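>>> Sequence and computational prediction follow.
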Amino acid sequence: MRLPTRLEATALIRRVESEGGFATVLAKGEPDAGSLLIVVAERGAQARAYERMPQLDGTRKWVLSKTEDSQDPQAFAAYLNRRSEQDGDLWIIELDVHQGERFIDDLTY
């Protein structure tokens, strides 16, 4: 049994903010069973998107799915829009904090 997505998202945001970072919901999906896409940035730059991807052993591992190209930042925004349109249950959470990947590593179910 897994934690409802809305609770996981809220806990993640509060944890980032408690450590001096900024976190926000860019897209709100299905509250109980939606999936998460987490955007990590530092001072609004060098954004990276992480998603849980199914593995052969049945687990779901966090995988880097897209990085922002400094020459074409619109491509990253377009990717997020496409993912949101493809999956109406998807939550997109943005973390703007130093070493944001450490927060993702702690998310398991």
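It's in.
>>> so where is this protein shaky, pLDDT-wise?
1, 108-109 (pLDDT under 70).
>>> tell me the centre residue of it?
residue 38 (0.8 Å; Cα atoms, centre = their mean).
>>> Beta-bridge partners for that residue, please?
Residue 38 has the following beta-bridge partners by DSSP bridges: residue 50, residue 93.
>>> Could you verify my assumption that it touches residue 95?
Yes: between residue 38 and residue 95 there is a contact under Cβ atoms under 8 Å: 6.4 Å. Backbone N, C-alpha and C define where each C-beta goes, glycine included.
>>> what touches both of those two?
By Cβ atoms under 8 Å, 6 or more residues apart in numbering, residue 38 and residue 95 have these common neighbours: 12, 103.
>>> Now do the same contact list for the residue nearest to the centre of the chain.
12, 49-51, 62, 92-95, 100, 103-104, 107.
>>> which of those residues lies closest to residue 30?
Comparing those against residue 30 with Cβ to Cβ places residue 92 closest, at 12.9 Å.
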